[in-house]
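**Q** Return a 3D structure for these sequence lines:
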Amino acid sequence: MTEEYGILYGVGVGPGDPDLLTLKAVQTLGRVESIFASSSTKNGFSLAESIVRPHLQPDTAVMRLQFPMTSNAETLELAWTANAETILKHLAAGEDVALVTLGDPLLFSTFGYVLQKVRQLRPEQRVEIIPGITSFQQAAAATGTILAEAGETLHILPGTMPADALRKHLDQADNSVILKAYRNFGTICDTLDALDLKRRSLFVSRLGLEGELICRNLDQAPKNPHYLSLLLVKKNKN
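**A** Next comes the predicted model:
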């Protein structure tokens, strides 16, 4: 085994459309020795892998790392550590390695968990991040929505946060993005309604993927949305 470790690249692959990968992401994926993609333990499917596949050579191998969809801290800790150790084995062999992830690697991404574990296990490990287009940027582009301008604020919120905290942030912000708008969708809609923001909100789901849905009227959105769903909220809707 060589003593020269390879470079770990965190590559953002965007929200779903393969054409939204950056040129730097495609170039990086074309020269690394190993590519890893996160997948669910339930079905082994990796959306990030399906997005990058059109840009890879037919014989390029993509290894899947399983990330359990659970809130159990011990289970998650074991999975993050195991995945970081797997990547470090390839880096120790001198391979440059890419971990592809939906959206951007540093925003609500599985890459962030792996990065923290890699830094714990090998603090001197060289890491380079290739930013990706986020789902809310694509949602804004697809709907012609200005996210913020001049002195306006923009809050990026997880839809999984408690209702009272969500209400506080929505009340303070000029504009908001609510990501992960699926598990508590009923509560989110009730909170928006209470703040008279429901009519100023826009629902987007599975952008660039089969089943894409855009609703400018929240009453027309599904009651149990897909987990790749978000809301754009503007107090002064343009």
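
**Q** Hmm, Gly6 is touching Asp96, no?
**A** Yes. With contacts counted by CB atoms under 8 Å, Gly6 reaches Asp96, the gap being 4.3 Å. (C-beta placed from N, C-alpha, C; glycine too.)

**Q** Those two: which is more packed in?
**A** Summary of the neighbour comparison: Gly6 and Asp96, criterion other CB atoms under 10 Å, with Gly6 having more neighbours (21 against 18).

**Q** Just the buried residues of the strand or helix carrying Gln66, please?
**A** The secondary structure element spanning Gln66 is strand 62-67 (assigned by DSSP states H and E). Of the residues in strand 62-67, those scored as buried under the neighbour-count criterion (16 or more other CB atoms under 10 Å) are Val62, Met63, Leu65, Phe67.

**Q** follow-up on the earlier one: tell me, what's touching Gly6 and Asp96 both at once?
**A** With contacts defined as CB atoms under 8 Å, 6 or more residues apart in numbering, the residues shared by Gly6 and Asp96 are Glu33.

**Q** And the strands in this structure, which stretches?
**A** For the chain, the strands identified by DSSP state E occupy 8-12, 34-40, 62-67, 97-101, 127-130, 154-158, 175-179, 201-205, 213-215, 229-234, in order along the chain.

**Q** export those strands to TSV and tack on mean pLDDT?
**A** Compiled in TSV, those are given as follows (pLDDT from 0 to 100):
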stretch	mean pLDDT
strand 8-12	98
strand 34-40	90
strand 62-67	91
strand 97-101	96
strand 127-130	98
strand 154-158	97
strand 175-179	97
strand 201-205	96
strand 213-215	96
strand 229-234	96
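
**Q** Run the angle between the longest helix seen in the chain and strand 62-67 for me.
**A** If each helix of the chain is counted by residues according to DSSP state H, the longest one is helix 73-92. Orientation note: helix 73-92 sits at an angle of 160 degrees relative to strand 62-67 (axes from the mean of the first three to the mean of the last three CA atoms, to 10 degrees).

**Q** related to what we said a few turns ago, quick one: work out the angle between the strand holding Gln66 and strand 97-101.
**A** Using the same axes, to 10 degrees, the direction of strand 62-67 lies 60 degrees away from that of strand 97-101.

**Q** What is strand 62-67 packed up against?
**A** Helices and strands in packing contact with strand 62-67 are listed as strand 34-40, helix 47-52, helix 73-92, helix 110-121; criterion 3 or more CB pairs under 8 Å, 6 or more residues apart in numbering; DSSP states H and E.

**Q** Buried residues, the longest one. List them.
**A** Spelled out, it's helix 73-92. Within helix 73-92, the residues that qualify as buried are Ala79, Trp80, Thr81, Asn83, Ala84, Ile87, Leu88, His90, Leu91, Ala92, counting by 16+ other CB under 10 Å.
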